[in-house]
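Trainee: Provided below are the primary sequence and the corresponding predicted coordinates.
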Amino acid sequence: MIIRYSPAFFKQLKKINIRIKESVKEKVLLFSKNPHNPQLNNHLLKREYEEHRSISITADWRALYKEKREGKDIVAYFITLGTHRQLYK
């Protein structure tokens, strides 16, 4: 699986503290090896994020992405990052 990031994802990543940034790096690395690793709690979302998926970064932080097919490849396009409350209010 190919991983890509939106400009909004990087913008949010710059704003967060170093501890969360390190967790993002660890979880994205884990995701690149196995997107359905149980530690990620990878799941499909509903309502305004229909067709998007979420992975857990920490107990409260999430990274949202959408899977797209590009030819034979599947691309995980990470679109946003935030706390559970920020994303799902």
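Mentor: Nice, I can see it.
Trainee: quick one: average pLDDT of stretch 6-20?
Mentor: Averaged across stretch 6-20, the pLDDT comes to 94.
Trainee: mind listing the helices for the protein?
Mentor: Along the chain, the stretches classed as helices by DSSP state H are 7-15, 18-33, 84-88.
Trainee: Same question for the second one: list its buried residues.
Mentor: Counting neighbours by 16 or more other CB atoms under 10 Å, one finds that the buried residues in helix 18-33 are 20, 23-24, 27-28, 31. Where you see a C-beta, it was placed from the backbone N, CA and C, and this is true even at glycine.
Trainee: helices or strands next to that helix in the packing?
Mentor: Other helices and strands packing on helix 18-33, by 3 or more CB pairs under 8 Å, 6 or more residues apart in numbering; DSSP states H and E, are strand 2-5, strand 53-56, strand 61-70, strand 73-83.
Trainee: Quick check: residue 83 touching residue 62?
Mentor: Yes. When contacts are counted by CB atoms under 8 Å, residue 83 is listed as touching residue 62 (7.5 Å).
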